[in-house]
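1. Return atomic coordinates for the entry below.
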Amino acid sequence: MSKMRSNDKRIVVVGAGPGGSVAAALLAQKGYTVKVIEKRARPQASDPPIRRGVMFCLKSVEIMGKIGIHVPPEGFLDGMHTFQGSHVIVRDGEKQSIKLNDSSILVERHVFAFNIIKAIEKQELKNLTICFEASCTAIDMESRIVKYTSSDGVEHAEPYDLLIGADGVNSIVRQALEAFDPTLKVRQMRSRSRYKTIRGLPRPDDAEELLELGSPGYFVMILTASCRLGGKRINQLGLAMYQTEDGLFHLNVAGAVEDLEALEGNEREWVENQAPRLLSKSWYEQLIKELSAAPMNIGSPVTYCSSMIGPSVSIIGDAAHSTSPTHGVGANMAIQDGDELASALEACDGGVTEGLKMFERARLEEIHSIIRFEELTKYSRLEKPHRLGIALKSFLDAFHTKGHKLLPKLIPKPVNMRVVFGEITYPQARRIFEREARVVCSLGIAVAGIVSSAAWVYGRGMIRRN
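-> The predicted structure is shown next:
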């Protein structure tokens, strides 16, 4: 843990999610005076199910250690477990497994938020204040003042030297920065993805393979086959499953909005006839009941921002780069933002302008590369997809997946898999993909030219003979 030193900079953080909390804790440790404004109530060890969802915090064990959370290599710590790896099972029964090292965390969202706040409060940082149930109402970027209403209804005006917007997809800080800085370009791409959450499935006695694959610390993704039910077509659905400290299993059923709508009213037929064999039959009645009753949750839009900084302001986490659950990197990106921002300010000895520039140089290229892959992944299900890019990405992924099995020393794994295994970074993966896509397009144009030329020659020959 960093040694605290006196620092006269006042920092206001809007939002106490993973990124905002980590940034606030690390900056307070470095001596800054930090105030956090959070509209939600203080997270509890057991929050309503609507707040629950699994998170992958890749390469985050070291960062969590900085704020006093030390997750052991094996076993649970207050609901958190090192992320051991994942198993993806496709509709024909083929299994793809990924084994990770001990640098990542698998945890439910509400548990993570609770543990971060608990760790911060345990440090008793006198220069860190967290205001729960407080609403940010206005931001004056010229005067550098944040206005907010506290839980008792009193209005406050908080001056700042640095404002950090970690307030999610509909960030008020990002909106204020966008209005203040006309050079900031923001693009949000809505997703057609929806999901239903089924919680509390008991440990089964009739599913040995499930118990093996879904052991603590592992994440299981099952991709189902398309089918027709009640005269409606249901395309591929994704079933994401994990086990928590109490031994219960929790399941997310995800797909396009039209597919989950087609599932409504046909839950029993789908479970009894289409449910993957991996699932326990003892779960069927609970699955049918909860699929019928569970609300359809909307996936976050994918957000692109041309910059993450402005005059004495930075946006981090979903405020700057929300993603779909497809790549499982949203929480991870937010945590890294908070850590990198604190490190950059320390490296610049508290100089806000220089620190913000250093922070953006460290983070922006990787973030833009991840957002680019979101646009090129069909499972992001964006409302306005980049069809050519998705087709090229799917072709290259299939080529590398099958080619690597046949010629592992010659053909590498798909770029996304290489990123997960730590072989390359997202910017490197993006450059590799763009290079390969250009080659494929060039070959396609060349083949099309050869075919058209051959057709023209053949046609001329036919005309002459006739």
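2. where does the residue nearest the centre of the chain fall, phi/psi-wise?
-> Nearest to the geometric centre of the chain sits residue 330, at 2.5 Å (CA atoms, centre = their mean). Dihedral angles of residue 330 (phi, psi; degrees, to the nearest 10) stand at phi -60, psi -50.
3. So the closest residue to it other than its chain neighbours, which state does it fall into?
-> Closest residue to residue 330 apart from its sequence neighbours, by CB to CB, 6 or more residues apart in numbering: residue 323 at 4.9 Å. Bear in mind the C-beta positions are built from the backbone N, C-alpha and C, glycine included. Secondary structure assignment for residue 323 (DSSP: H, G, I helix; E, B strand; the rest coil): coil.
4. how close does residue 323 sit to residue 299?
-> Distance of residue 323 to residue 299, given as CB to CB, to the nearest Å: 10 Å.
5. got a list of what the nearest residue to residue 104 once chain neighbours are set aside touches?
-> Leaving aside its chain neighbours, residue 104 sits nearest to residue 83 (3.8 Å; criterion: CB to CB, 6+ apart). Counting by CB atoms under 8 Å, 6 or more residues apart in numbering, residue 83 makes contact with 56-58, 100, 104-106, 217, 219.
6. which one among these gets closest to residue 431?
-> For these, the closest approach to residue 431 (CB to CB) belongs to residue 58, at 20.7 Å.
7. Hmm, that closest one is touching residue 104, no?
-> Yes: Residue 58 is within contact range of residue 104, at 4.6 Å (criterion: CB atoms under 8 Å).
8. Now do the strands in the stretch 201-350 of the chain.
-> Using DSSP state E, counting those that start in this stretch, the strands of the stretch 201-350 of the chain run over residues 218-223, 227-229, 232-234, 238-243, 249-256, 297-298, 302-305, 309-310, 313-315.
9. Against which helices or strands is the last one packed?
-> Contact partners of strand 313-315 among helices and strands, from 3 or more CB pairs under 8 Å, 6 or more residues apart in numbering; DSSP states H and E: strand 162-165, helix 172-180.
10. Off-centre distance for that strand?
-> Distance of strand 313-315 from the chain centroid (CA atoms, centre = their mean, to the nearest Å) equals 20 Å.
11. Tabulate the CA atom coordinates of stretch 212-231 in CSV.
-> Only the C-alpha atoms of stretch 212-231 are listed here, as CSV (Å, rounded to 0.1, in the frame of the first residue of the first chain):
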residue,chain,number,x,y,z
GLU,A,212,-16.9,-30.7,-12.8
LEU,A,213,-17.1,-27.9,-15.4
GLY,A,214,-18.9,-25.5,-13.1
SER,A,215,-16.6,-25.9,-10.1
PRO,A,216,-16.0,-22.7,-8.1
GLY,A,217,-14.0,-20.1,-10.0
TYR,A,218,-15.1,-21.4,-13.4
PHE,A,219,-17.6,-19.9,-15.8
VAL,A,220,-19.6,-22.1,-18.2
MET,A,221,-21.1,-20.8,-21.4
ILE,A,222,-23.5,-23.1,-23.4
LEU,A,223,-24.6,-22.1,-26.9
THR,A,224,-27.9,-23.8,-27.8
ALA,A,225,-29.2,-24.9,-31.2
SER,A,226,-31.8,-22.9,-33.1
CYS,A,227,-35.3,-24.4,-33.0
ARG,A,228,-39.0,-23.7,-33.7
LEU,A,229,-41.5,-23.5,-30.9
GLY,A,230,-45.2,-22.6,-31.1
GLY,A,231,-44.7,-21.6,-34.8
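12. Buried residues of that stretch, list them for me.
-> Using 16 or more other CB atoms under 10 Å as the test for burial, stretch 212-231 gives 213-214, 216-224, 227, 229.
13. got the residue ranges for the helices in the stretch 51-200 of the chain?
-> Residue ranges of the helices in the stretch 51-200 of the chain, as given by DSSP state H, counting those that start in this stretch, are 61-66, 109-123, 172-180.
14. could I get those as TSV with mean pLDDT, mean neighbour count and distance to residue 439?
-> TSV is the format used below for the helices of the stretch 51-200 of the chain (pLDDT from 0 to 100; neighbours: other CB atoms under 10 Å; distance: least, CB to CB, whole Å):
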stretch	mean pLDDT	mean neighbour count	distance to residue 439
helix 61-66	90	17	38
helix 109-123	86	19	41
helix 172-180	96	20	38
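15. Can you tell me which of those helices is nearest to residue 347?
-> Closest among these, using CB to CB: helix 61-66, at 15.3 Å.
16. and the closest one, what does it pack onto?
-> helix 18-29, helix 330-347.
17. deepest of those, which one?
-> Highest mean neighbour count of the helices and strands packed on helix 61-66: helix 18-29, a mean of 28 (counted as mean count of other CB atoms under 10 Å).
18. And the contacts of the following helix or strand past it?
-> Per DSSP states H and E, the first helix or strand lying C-terminal to helix 18-29 is strand 33-37. Contact partners of strand 33-37, identified using CB under 8 Å, 6+ apart, comprise 7-16, 20-21, 24, 27-28, 127-131, 134-136, 146, 148, 158.
19. Sweet, I'm off.
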